[in-house]
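Asker: sharing a sequence plus its predicted fold:
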Amino acid sequence: MKKIGILTSGGDSPGMNAAVVAVARCAAMYDIKLMGIKRGYNGLLGLSDNPEDDIAELNLETVLDIADQRGTFLRTARCEEFKQPEVQKKAAQTLRDLGVDALVVIGGDGSFNGAMRLCERGIPCVTIPGTIDNDLGYTERTLGFDTAVNVCVEAVRSIRATSRSHDRPSVVQVMGRHAGDIAMRTAMATGAEMVIVPEMEWDVDVFAARLNSLIAKGNTRATLVIGENCWHNMKEFDWRKFLNDNGKTIYPGEPINAERLASILKRKCNGIEARATVIGYTQRGAVPSASDSAFAFEAGHLAVQLLNRGIANQAIGLRHGQVFNMPIADALSMKKHFNRELYDLINKL
C-alpha cells in the first residue's frame, strides 16, 4: 500500500475534517502517501479545467490545523452522474492513473453506494458515515449527528426562553432528511412537548388538540419540533379552509414547513400565535463536538489500518461506543430502527 485517496461526498457534516486528519496521521505512521480528491466523486471525473481543483497531495503539515475547522476543506458535492457504469469505470481508471491503491470515502448512503461500485471495479474502498441525518441503520451514530443535535438543542433552549417571556408556543423545524433522529433527540433534550417526524403519519388536528390541552392547563409556551420532509406523511384534512400568507388556498401536496404549520395551528387554537423558527445550515456548519471529533479520530485510523491489511469494501460504524467494520453492502441493507415508544412518550408527557 503506497498511496491512499480520500474524499468527502454528499452533504457536509461536522467532523469530516477531523476524519481526514486522522487518516493523514495514520497514513504517515505507515509511510503511506495521501491524496485528497476535491468535490466528492466529481474530482475523479476531470470536470474542472485545472487539475489542482480536483486533487491535492496531503501530508501532516497541510492538514495540521483543519481538525476543528467547520465544513470540509476538501469541498463536497453530490454526483448524480456517478450512478452510470461508464462514469464509474472512468473514475476507477482515474484512480489507477493517479497511482492510488485504495480510497477512503466519507459520506452518506449515496456515497457508500459509489464506493461499493468502485470496489466492484477493483478499487479497494473503506467508508466512514459522514452525515448529520443519522439515517444509516448499521451504526448507532453517524459523524456529525451529535454536533447537529447540540446546535438544535442550544437553539431550542433559547427559543423556549423567549417563548416563556411572551407566553406563546413555538414551532421549530430541524434537518434530518427522511430520518427524525435530530428532531427526536432535540425534543427529548429540551423538554419539547411535541415532535413530528418523517417516519410517522401525523394529523394536524391531533397536534392542535394537544396544544389546546396544554394551553388549557396553563402551558402557553409549548414547543413543537418538526423534522424536514414531514409533509408527505401528513394525514389529509380539508385544505380549503386554510390560506397561505398571500391569501391563497393551501392545496394538498404543498410542503408543510414550520411557518405554514404555525399558521394552521393558530387557526385551530383560537388565534393563539405560534412563532416558527427554521434551524438551517448551522446544523451542518458547526464546529464538531467532542464526541464527533473522537469518532472521527477512531474511524480514520481504523480505515487506514484495514486498507493496509488488505481488508476493503468495508463500512466503519459505531456500536456500543466502539468503532467496528462490516461489508458496505451489509451496512446499506440494514434497516434503520425507529423508536416508536420514545416518540409516543414525547407527545404524551
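Answerer: Done, it's in. Since the structure is predicted, the reported quantities are computational estimates derived from the model, not experimental observations. Numbers count the residues shown, from 1 in each chain.
Asker: list the buried residues in the host helix or strand of G110.
Answerer: Following DSSP states H and E, one finds G110 within helix 109-120. For helix 109-120, a neighbour-count test (16 or more other Cβ atoms under 10 Å) marks 109-119 as buried. For every residue, glycine as well, the C-beta is placed using N, CA and C.
Asker: same question for stretch 338-349.
Answerer: Buried, per 16+ other Cβ under 10 Å, within stretch 338-349: 338, 343, 346-347.
Asker: so in this protein, where's the weakest helix or strand by average pLDDT?
Answerer: helix 258-268 (a mean of 87; mean pLDDT, DSSP states H and E).
Asker: CSV for the buried residues of helix 109-120, including pLDDT?
Answerer: Shown next, in CSV, are the buried residues of helix 109-120 (pLDDT from 0 to 100):
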residue, pLDDT
D109, 95
G110, 94
S111, 95
F112, 97
N113, 95
G114, 95
A115, 96
M116, 96
R117, 96
L118, 97
C119, 96
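Asker: now the residues you listed in a markdown table, with distance to A208?
Answerer: A markdown table is the format used below for those (distance: Cβ to Cβ, whole Å):
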| residue | distance to A208 |
| --- | --- |
| D109 | 35 |
| G110 | 37 |
| S111 | 40 |
| F112 | 40 |
| N113 | 41 |
| G114 | 44 |
| A115 | 45 |
| M116 | 45 |
| R117 | 47 |
| L118 | 50 |
| C119 | 50 |
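Asker: hmm, back to that, chain center to whichever helix or strand comes after the helix holding G110: distance?
Answerer: Using DSSP H and E, the helix or strand that follows helix 109-120 in sequence is strand 125-129. How far strand 125-129 lies from its chain's middle: 15 Å, per Cα atoms, centre = their mean, to the nearest Å.
Asker: go on, stretch 216-223?
Answerer: 32 Å.
Asker: do stretch 147-163 as well
Answerer: Between the centre of stretch 147-163 and the centre of its chain there are 18 Å (Cα atoms, centre = their mean).
Asker: buried set for stretch 273-287?
Answerer: 274-277, 279, 283-284, 286.
Asker: same deal with stretch 131-143?
Answerer: For stretch 131-143, burial by neighbour count (16+ other Cβ under 10 Å) applies to 131-139, 141-143.
Asker: between the two ends of it, what distance do you get?
Answerer: 6 Å (Cα to Cα, to the nearest Å).
Asker: repeat that for stretch 79-89.
Answerer: End-to-end distance (Cα to Cα), stretch 79-89: 14 Å.
Asker: could you list the domains of this protein?
Answerer: Per the record, the chain has its domains at 3-144+288-333, 146-284, by automatic domain parsing.
Asker: sorry, back to before: neighbouring strands for the helix or strand following the least confident helix or strand of the chain, and are they parallel or not?
Answerer: Remark: after helix 258-268, the chain's next helix or strand is strand 275-278, criterion DSSP H and E. Paired neighbours of strand 275-278 in the sheet (DSSP bridges): strand 170-174 (parallel).
Asker: dump the strand it pairs with to PDB, restricted to CA.
Answerer: Extracted in PDB, the C-alpha atoms of strand 170-174 (Å, rounded to 0.1, in the frame of the first residue of the first chain):
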ATOM      1  CA  SER A 170     -43.200  27.800  19.100                       C
ATOM      2  CA  VAL A 171     -42.800  25.500  16.100                       C
ATOM      3  CA  VAL A 172     -39.100  24.700  15.400                       C
ATOM      4  CA  GLN A 173     -38.000  22.900  12.200                       C
ATOM      5  CA  VAL A 174     -34.800  20.900  12.100                       C
END
